[in-house]
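Visitor: Model the following, please.
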Amino acid sequence: MKSFKRLLFVCLLFAGCATGSTVMLVGNAPEVSTPVEQVRLFLEPPTRGYTVIAVVQASAESDDFNSISIAEGAALKKLKEQAAAAGADGVVDIIREIMDGGVVIYSDSLGDYPRNLHSTTTLSRSFSINFRGKAVKFTGQK
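Guide: You can find the predicted model right below:
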């Protein structure tokens, strides 16, 4: 029960700590956003046509490397929220960066998770997880 309470506390802690930004490339953000649950994160470019409408970015901080997946989850949720606010259907070309003291110490594409980052990287007490990608709107039919 103690570990469940700690996990709940950590989840709540990170839920409010993610930040994000959006740069519109085509027009302005729509008055009505896309529902967040409809925004997809693509590991590979979608097969149907699309237009890049914005560049979105999100980040979350952590002071415990063992909770990196919680920080990533918060940042990815914020990335989807940023894309939804731009009116996007999805996000492509997603890049993940791990920053320590404002310096990128690791960068990869979403889905190319390192297998031994935990044992080969020394982090200071706090670090941030950043995601950025291209928000896209589908064109034509499915």
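Visitor: Any buried residues in the top helix by length along the chain, and which?
Guide: If you go by DSSP state H, the chain has its longest helix at helix 68-85. Residues of helix 68-85 classed as buried by neighbour count (16 or more other CB atoms under 10 Å): 68, 70-85. Where C-beta positions appear, they are placed from N, C-alpha and C, glycine not excepted.
Visitor: Run through the helices of this structure in chain order.
Guide: Here the chain has its helices, by DSSP H, at 2-15, 68-85, 117-120.
Visitor: which stretch in the ones you listed has the least confidence?
Guide: Note on the helices of the chain: lowest mean pLDDT is at helix 2-15, with a mean of 42.
Visitor: picking up where we left off before, show me the contact partners of the longest helix of the chain.
Guide: Applying CB atoms under 8 Å, 6 or more residues apart in numbering, the external contacts of helix 68-85 come out as 10-11, 14-15, 17-22, 29, 33-36, 38-39, 41, 54, 56-62, 90-91, 94, 96, 98, 128-133, 135.
Visitor: Mark which of those residues are part of strands, please.
Guide: Assigned to strands by DSSP state E, the following of these qualify: 19-22, 41, 54, 56-62, 90-91, 94, 96, 98, 128-133, 135.
Visitor: Drop anything exposed from those.
Guide: Buried among these by 16+ other CB under 10 Å: 20, 22, 41, 54, 56-62, 90-91, 94, 96, 98, 128-133, 135.
Visitor: any idea how far the residue nearest the centre of the chain is from A58?
Guide: By CA atoms, centre = their mean, the chain has its centre lying nearest to L76, at 2.9 Å. Applying CB to CB, to the nearest Å, the value for L76 to A58 is 7 Å.
Visitor: same check, this time on V104
Guide: Distance of V104 to A58, given as CB to CB: 15 Å.
Visitor: and if you look at S126?
Guide: In terms of CB to CB, S126 sits 17 Å off from A58.
Visitor: do K137 as well
Guide: Counting by CB to CB, the gap from K137 to A58 is 19 Å.
Visitor: can you check F131 too?
Guide: Distance, F131 to A58, by CB to CB: 5 Å.
Visitor: go on, L41?
Guide: L41 is 11 Å from A58, by CB to CB.
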